[in-house]
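>>> Here's a sequence, model it:
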Amino acid sequence: MKKLLSLILTAILCLSVMVGATAQEALSGSIATDGSTSMEKVIGILSEQFMIDNPDVAITYDATGSGTGVAAALNGTADIGLASRALKEEEVAQGLKSIVVALDGIAIIVNEKCPVDNLTLQEVADIFTGKITSWKDFGGEGDIACIGREAGSGTRDGFESITKTKDANKLVQELTSTGAVITAVASNASGIGYASSSAVEGQEGIKVLTIDGVECTEENIANGSYLIQRPFNLVVKEGAELPKQVQAFIDFMLSEEAAPLVAKAGAVPPAQPEK
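Numbering: from 1, shown residues only. As a prediction, this is how the structure comes out:
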């Protein structure tokens with residue numbers, strides 16, 4: 001009888017410990033993210049799932065642009081900065097680090113009425129720097145209207161770095177979001193622009209060009225054959241001890257479970273480390 005009672009008490013104690021541990025593991029609190037407008041779909045779908053799994057956690061997202069997101073991570077106004085570009089040397093020197101959460105193609109888009117379907121990378125560079133100014137050079141009509149992003153945009157930084165056109169673009173419009181570029185190109189028969197591949201799928205009024213004959217697809221971004229691509233980065237302070245809910249969110253975004261969600265958002269999940 002004593003032995004049975006001892007076993008029962010032991011079982012109750014073990015159950016109490018398990019319940020207590022579960023309660024301690026429950027996450028709560030807020031997570032502030034700030035930065036790249038191109039990362040809206042990726043962060044949106046990951047945040048939604050994380051909040052479903054952790055109903056006591058609230059995640060906010062401010063679409064301010066990559067440069068502002070990096071600054072927010074540095075000055076502490078955001079828990080996680082979002083940058084659709086690599087960190088600059090001076091930003092790393094200030095104590096920041098980046099974590100790749102996805103890869104994204106920078107799609108070259110034209111108005112749906114444009115007869116052009118393919119350009120070489122060099123032709124893209126020549127168009128945006130003003131060396132080529134007319135669609136007549138490609139069998140079309142009218143002057144070319146180049147539409148791009150504002151200074152500080154990660155998409156602009158990535159585009160200019162890859163096309164080697166930094167500070168040389170001649171734009172008729174500089175816009176402050178991915179969506180605005182898509183809308184502007186769709187409404188301008190002579191327009192050409194660049195936008196996150198995760199944002200262009202299903203958009204009316206535009207078409208996505210192949211570059212050197214290569215489509216801007218998930219497969220081609222992953223294997224590197226589509227050349228105009230960049231990372232989607234989470235930005236935090238190097239060596240900082242993050243709040244429990246923030247670290248858990250980062251861990252989730254890099255997990256195997258998150259990869260299908262990243263793909264659903266139109267981006268390419270990063271390669272998982274070998275186990």
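>>> Verify the contact between Glu218 and Val268 for me.
Yes: applying C-beta atoms under 8 Å as the test, Glu218 and Val268 come out as touching, 5.2 Å apart. Bear in mind the C-beta positions are built from the backbone N, C-alpha and C, glycine included.
>>> Which of the two has more residues huddled nearby?
Val268 (24 against 19; other C-beta atoms under 10 Å).
>>> ok, what's across the strand from the more buried one?
With DSSP bridges as the criterion, Val268 is bridged to Leu103.
>>> Tell me the pLDDT of it.
Looking at Val268, its pLDDT reads 94.
>>> Then Ala21?
The model's pLDDT for Ala21 equals 40.
>>> Now for Phe159: which residues touch it?
The contact partners of Phe159, by C-beta atoms under 8 Å, 6 or more residues apart in numbering, come to Ile106, Gly148, Arg149, Thr165, Tyr194, Ile228.
>>> tell me which residues form a beta bridge with Ile108?
Counting by DSSP bridges, Ile108 forms beta bridges with Tyr194.
>>> right, and it touches Val208 too?
Yes: counting by C-beta under 8 Å, Ile108 does reach Val208; the two are 7.0 Å apart.
>>> more neighbours, the two?
Ile108 (28 against 19).
>>> what number of residues lie near the residue lying closest to Ser28 once chain neighbours are set aside?
Sequence neighbours aside, Asp56 is the residue nearest to Ser28 in space, at 3.8 Å (criterion: C-beta to C-beta, 6 or more residues apart in numbering). When neighbours are counted by other C-beta under 10 Å, Asp56 registers 10.
>>> Could you measure from Asp56 over to Ala26?
7 Å (C-beta to C-beta, to the nearest Å).
>>> same question, Pro231
According to C-beta to C-beta, Pro231 stands 32 Å off from Ala26.
>>> Please compare those two by neighbour count and tell me which comes out ahead.
Set Pro231 next to Ala26 and count neighbours by other C-beta under 10 Å: Pro231 wins out with 22 against 10.
>>> Would you agree the more buried one is in contact with Ile106?
No: between Pro231 and Ile106 there is no contact under C-beta under 8 Å: 11.4 Å.
>>> Gly191 contacts Val181, correct?
No: between Gly191 and Val181 there is no contact under C-beta under 8 Å: 9.2 Å.
>>> What segments of the stretch 151-275 of the chain are helices?
Taking DSSP state H, counting those that start in this stretch as the criterion, the stretch 151-275 of the chain carries its helices at 154-163, 178-186, 197-200, 218-222, 244-253, 259-264.
>>> winner for burial among those?
Highest mean neighbour count among the helices of the stretch 151-275 of the chain (mean count of other C-beta atoms under 10 Å): helix 197-200, with a mean of 25.
>>> Show me the contact partners of it.
38, 40-42, 104-107, 109, 178-179, 182, 206, 208, 216, 221, 265-267.
>>> at 7 Å instead, please
38, 41-42, 104-107, 109, 178-179, 182, 206, 208, 216, 265-267 (C-beta atoms under 7 Å, 6 or more residues apart in numbering).
>>> Tabulate the CA atom coordinates of it in PDB.
What follows is helix 197-200, C-alpha atoms only, in PDB (Å, rounded to 0.1, in the frame of the first residue of the first chain):
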ATOM      1  CA  SER A 197       9.400  38.900 -57.300                       C
ATOM      2  CA  SER A 198       7.400  38.000 -54.200                       C
ATOM      3  CA  ALA A 199       5.100  41.000 -55.000                       C
ATOM      4  CA  VAL A 200       4.600  40.800 -58.800                       C
END
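>>> Could you give the average pLDDT over it?
92.
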